[in-house]
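Colleague: I'll drop the sequence and a predicted model, then ask my questions.
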Amino acid sequence: MSPTPRRAAAAKKRSKPKAPGDVVILVGTLKGAFLFWSDKKRRKWKMEGPLFPGEQVYAMAYDGREGRNRLLAAPRSMHWSAAVRTSDDFGKTWSAPDRQNVRFPEGSDLSLAQIWQLTPGPASEPDLVYCGVEPAALFESRDGGESWNVVRGLLDHEHRKQWHPGGGGLCLHTIVCDPSDRRRMLVAISTGGVYRTSDGGKTWRPRNVGVRAQFLPNKYPEFGQCVHKVVHHPARPERLFLQNHWGLYRSDDWGDNWTDVANGVPSDFGFAMQMHPHDEDTVYIVPLQSDEFRCVPEAKLRVYRTKDGGDSWKPLAKGLPQKDAFETILRDAMSADAMDPAGVYFGTRSGKLYASANEGGSWAAVAEGLPPIVSVVAAAVA
C-alpha cells in the first residue's frame, strides 16, 4: 500500500537533516574547507572539517531558498581539477568529485583554471545559481548547481582579447543580481572592470566611469580596471559600493557613474568588502597598506565601517590585535549573517578567523592556525 500524501510529507519532514546550529560560517582555505556552527548568541563555535582536505576552496555558498539547506563548494582537486559540489545534509555527504560539471564549450580554446564565485540567484528562481571562473567567464545552473552552461554573451564579448590577468589571474570574482529585475546583473573582472547586462546576459556593457586604473597610462579607461569587490543591498540595488585596486567608490545609478568615497580611511587599497544585511548605508572594509605591502596599515588589524553610505569611515578594533598584526584579508574572506544584531566575520591569510556578534562593536577569535583563508560565507540557517 502506498503512503498517503500526508504520511509521505511527514516522512519527508522527519528525514530532513537537522542543522547543528543556528548560524554557520563556511570557510574556504588553500588546504580544504571548514564549517563553524553556533547558536543565536554566537559566543561558542563548533568546528567541522577539513572537508576536501588538501584542495583549494576559493568559493562556497549557502542556499536556503524554498526551505532547502544546500551547501555549495568549488574545491580544486589536483586530480579532478575544479568542480561545483553540493551537499543537502550540512556537509556529511557531497555530490561526486569527478563530474567536472563546469566546462568551457568546445571551440572556445579556453580551459577552466579556478572557480572564484558561487552566487544563488533570486528567490523567484530557486534553482538558478551563478558561477564566476578563471579565465573570466560567467556560468549559470538551472538545477541548483548540478549542471552548468556558460553565458555566451560575456564569453564572446569583443573586449575579451584585451582583458589581462591581475595578480590572482583573469578571474570573474563578483556577481551582483538585481532582485527586482531578473534581466539585470553586474559582474566584476580582474582586470577587466565592471560589466552590466540589462537583457539577461545577451549583451554586456562596461560600467567603469570614474573608477581609476592607477597602473595604466590612461587612468580612466572604458574598461581594464582591477576591481576587487562590489556589494549592494537588495533593498536599494541601484546603490553599489566598489573596492578597487587603489580606490573606494559608490554608485547610485547601477554603475553608470562612480564617486570616490575614500573619506578618512588609512588606505584606499584593499580587497574585502561586506554589506550590512539590514542597513543599506552600512558597509565594512579592511584596508591594506599598499599593493606592494599587502598587510593592514601600521600592523594594526582594524575593520572600517561606514554608516552613512561612504561619507565617513570609522575603525572597529575592540578585541583585534593592534600590534605586530601583519595580516592580509582577501576579497572573499569577509561575510555577515542575517541575524539581529548582525554577525560580521573575516579570515586572514595567516589562518585566523574572527567574529563579531554585535555588528563590529567587538571581535573575538573563532579559530587560529587554519590554512590560509581565501573565502568566508556566513548564513543564518533556515
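Modeller: Received, thanks.
Colleague: rest of the way, CA atoms for contacts and neighbours
Modeller: Fine.
Colleague: for the closest residue to residue 202 other than its chain neighbours, list the residues it contacts.
Modeller: Excluding its sequence neighbours, the residue lying closest to residue 202 (CA to CA, 6 or more residues apart in numbering) is residue 153, at 4.6 Å. For residue 153, the residues meeting the contact criterion (CA atoms under 8 Å, 6 or more residues apart in numbering) are 201-204.
Colleague: and the buried ones among the residues you listed, selectable in ChimeraX?
Modeller: To isolate the buried ones among the contacts of residue 153 in ChimeraX, judged by 16 or more other CA atoms under 10 Å, type:
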select :201,204
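Colleague: a markdown table for the contacts of residue 153, including secondary structure?
Modeller: Output for these, formatted as a markdown table (DSSP: H, G, I helix; E, B strand; the rest coil):
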| residue | secondary structure |
| --- | --- |
| 201 | coil |
| 202 | coil |
| 203 | coil |
| 204 | coil |
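Colleague: what about the strands in the stretch 151-300 of the chain?
Modeller: With strands called from DSSP state E, counting those that start in this stretch, the stretch 151-300 of the chain shows them at 171-177, 185-190, 193-197, 205-206, 227-233, 236-244, 248-251, 259-260, 269-275, 283-288.
Colleague: now the contacts of residue 153 in CSV, with pLDDT and distance to residue 83?
Modeller: Converted to CSV, these look like this (pLDDT from 0 to 100; distance: CA to CA, whole Å):
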residue, pLDDT, distance to residue 83
201, 97, 23
202, 97, 25
203, 98, 27
204, 98, 26
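Colleague: find the nearest non-adjacent residue to residue 327, please.
Modeller: Distance criterion CA to CA, 6+ apart; nearest residue to residue 327, sequence neighbours excluded, is residue 295 at 5.1 Å.
Colleague: wait, isn't that neighbour in contact with residue 302?
Modeller: No. Taking contacts as CA atoms under 8 Å, residue 295 lies outside contact range of residue 302: 11.2 Å.
Colleague: contact partners for residue 272?
Modeller: Each residue near residue 272 by CA under 8 Å, 6+ apart is listed here: 228-229, 243, 285-286, 329-334.
Colleague: likewise residue 308?
Modeller: Contacts were defined as CA under 8 Å, 6+ apart; by that measure residue 308 touches 281-282.
Colleague: tell me the SS of it?
Modeller: Following three-state DSSP, we place residue 308 in the coil state.
Colleague: residue 106: neighbouring residues, count only.
Modeller: Using other CA atoms under 10 Å, residue 106 is surrounded by 8 other residues.
Colleague: Three-state assignment for it, please.
Modeller: Three-state assignment for residue 106 (three-state DSSP): coil.
Colleague: okay, the contacts of residue 272 in TSV with neighbour count and distance to residue 222 next?
Modeller: Below are these laid out as TSV (neighbours: other CA atoms under 10 Å; distance: CA to CA, whole Å):
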residue	neighbour count	distance to residue 222
228	28	17
229	27	18
243	26	17
285	25	26
286	29	27
329	28	28
330	24	26
331	22	23
332	27	25
333	27	29
334	29	29
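Colleague: excluding chain neighbours, what is closest to residue 75?
Modeller: Closest to residue 75 by CA to CA, 6+ apart is residue 57, at 4.5 Å.
Colleague: counting neighbours, what do you get for the one you found?
Modeller: 29.
Colleague: could you do the one 10 residues further on as well?
Modeller: Counted by other CA under 10 Å, the residues lying close to residue 67 total 10.
Colleague: nearest residue to the middle of the protein?
Modeller: By CA atoms, centre = their mean, the mean C-alpha position of the chain lies nearest to residue 332, the distance being 4.7 Å.
Colleague: which helix or which strand is home to the residue nearest to it when sequence neighbours are not counted?
Modeller: Closest residue to residue 332 apart from its sequence neighbours, by CA to CA, 6+ apart: residue 375 at 4.7 Å. Taking DSSP states H and E as the definition, residue 375 sits inside strand 373-380.
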